[in-house]
Structure formats: structure tokens, C-alpha cells
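In: Predicted model and sequence below, questions to follow.
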Amino acid sequence: MILKKILWTIKRHPFLYRSRFKLLSKNSNIHEIEAYSYNDINEKNEIPKYFYEINDLVFLSGLPSSDLERVKKLNKWLVEHIKGGPGLSVPSEEALKIMLAGKGGVCSDMAQIFNNFCVINDIQVREWGSTRAPYEEEYGGHSYNEVFIKELNKWVFVDVSYGIMFYYNEKPQSVIEFYQLLREGKKLTFTSFLEEENTNKSSIYRNYLKPNTVPFLICNYSNKTYDKFLTNYRPYLPVFMIHFMLYLLNKSYHYRFPLNDYKEIF
């Protein structure tokens, strides 16, 4: 128990947080990230079978014909069945089992399992994170997703943890559109497809509507690779060392900053 507390403290230490950003961050632009998708490096046959078993439960009554309704139904089911808890650094199948058992899961865990469900349902998806510039230790950051909705022919911002989408003039916005409009001072709204009591408006304001919030796209995350390394090495090494190993092997994910110079964080 004491060792776990020590390792948790080390993992959450601001030095490691800043070091991770310095190692993994790259400045980018809107054009460079336009076509990026999590699905490009994570094929359907590489997603653990347990995700397929749960997916059958999610869509037990049938699969909606539209991407948007499919996303909403999946999101609602996940929030209804996952209470959340401590952050997880385990293989994806184990993470999903722990989360469904009500024993853990933070926003990044939710975003990562949502990625895999989107892959097996033929929905293009990608994962984003946000932090502050300059960095705020008490905030840390937040993770969320973006899905390509074929019937709208565009990327649409979705926060699976809160079951929300953002709108401008009643049109759903992408992550880039959202932050551009926010910085222009435009009035944005959000709607939730969850029960009203599950919508935490103060958290939504804290995570998105602060003017110094900076978004970044999480790229090159191979679920199969991380599952393999976490399964093989987590019993023996701290998680941050496993991530550094992947970085040295050039198999790590990285962050792309399309709207800000990432050095503003520091």
C-alpha cells in the first residue's frame, strides 16, 4: 500500500508532467492534422475481443443507422455503466473490466476505451487533451474525443465523460472550430444526451471555457503496442518507465498543437 502511494505520487508529480510534454509535444497546424484518425493505426481485428462482447450489449436493441445516433447511444451506455474512480495504467481490456466493475477510470481512460468502441463500429475517431498555458498544477488537464460524422461530413467534438457536444448557431462544432470561436468571443452552447443531473456545468466551464486552455491532438497511439508493453512490463516497472521505453523505441504517442506554440505551457 505504501509503495503504491509512493508510485502514485511520483506519477502525478509536476516534473514528470512537464517532462512528458517536453518530450512528446510538436507544433503543428490545422492542415497537418486534418486527416489524422485513431483508426489508421488501430485496426478492427486488433481490438480485444472483450470490447466486442460489451459492444453487443450496448447495441442489444439494434444498431442506429446514423453515426451521430450511434455515438450518442454508445456514450450514454458507457456513462450509465461506469462510475469512474482512480486513473488506470493497464492494458485496454483490463481497463474496461475495471471501469465496468466501478473500480476506476478517469477522463483519459474513458476517452481511450471510447476510441476502441468507435473502431469496431466503423466510426472515425481521435483523442484530444487540454492543458493550460502557462501550466496550472491544480488543473492538470482533461481528455476528450472527436468523431467524424459521415452524415454531417465533418469532425464533431464529443466529451464522453460528460456526454456533451458543443454548438454554434445550433450546428455541432469540431474541436478546432470550438476553440477558434471561443477565442473570438463567440457564444457557444452545449447540449448533453445524458440525464440533467449527470451534467456537471461547473466542470465543463473549468475544462473548456477558460481563455488560457490549450488543445492538443494525441497521435500515433497504438492500442496493440501499449497493451503488449503494459502486460509484459507493468508487473516489474513503474508505468512512466514503460512509457519512456516506448519513447526510446520510437513507438510512443505524441502531442500535436495546432493552435498554440506548445512552449507557452512552460
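Out: Yep, that arrived.
In: Now I41: closest residue in space that isn't a chain neighbour?
Out: Taking Cβ to Cβ, 6 or more residues apart in numbering as the measure, I41 lies nearest to S222, with 5.4 Å between them; neighbours along the chain are not counted. C-beta coordinates here come from the backbone N, C-alpha and C atoms, glycine included.
In: Centre-most residue in the protein?
Out: A111 (3.3 Å; Cα atoms, centre = their mean).
In: OK, contacts around that one?
Out: E127, S143, Y144, N145, V160, S161 (Cβ atoms under 8 Å, 6 or more residues apart in numbering).
In: same question, L100
Out: With contact taken as Cβ under 8 Å, 6+ apart, L100 is in contact with I54, H81, I82.
In: ok, back up a step: closest one of the contacts of A111 to G104?
Out: Compare each of the contacts of A111 with G104 using Cβ to Cβ and the shortest gap goes to S161, at 13.6 Å.
In: where exactly do the helices run in this protein?
Out: Counting by DSSP state H, one finds helices in the chain at the ranges 2-11, 14-24, 30-33, 49-58, 67-81, 92-100, 107-120, 175-183, 201-208, 223-233, 239-248.
In: got the contact list for D261?
Out: N27.
In: mind checking how far it is from E146?
Out: Shown here: D261 relative to E146, a distance of 22 Å by Cβ to Cβ, to the nearest Å.
In: try H31
Out: From H31 to E146 the distance is 16 Å (Cβ to Cβ).
In: Counting neighbours, go ahead and name the busier of those two.
Out: When H31 is set against E146 and neighbours are counted by other Cβ atoms under 10 Å, the residue ahead is E146, at 26 against 8.
In: Check the burial of L23 by counting its neighbours.
Out: Taking other Cβ under 10 Å as the neighbour definition, L23 ends up with a count of 13.
In: residue contacts, it?
Out: Shown in contact with L23 (Cβ under 8 Å, 6+ apart): Y247.
In: per-residue confidence for it?
Out: Per-residue confidence at L23 stands at 92 (pLDDT).
In: Then K201?
Out: Predicted confidence (pLDDT) at K201: the value is 77.
In: separation between it and T191?
Out: Relative to T191, and taking Cβ to Cβ, K201 is found at 12 Å.
In: Kindly report the same for V156.
Out: When distances are taken as Cβ to Cβ, V156 and T191 turn out to be 12 Å apart.
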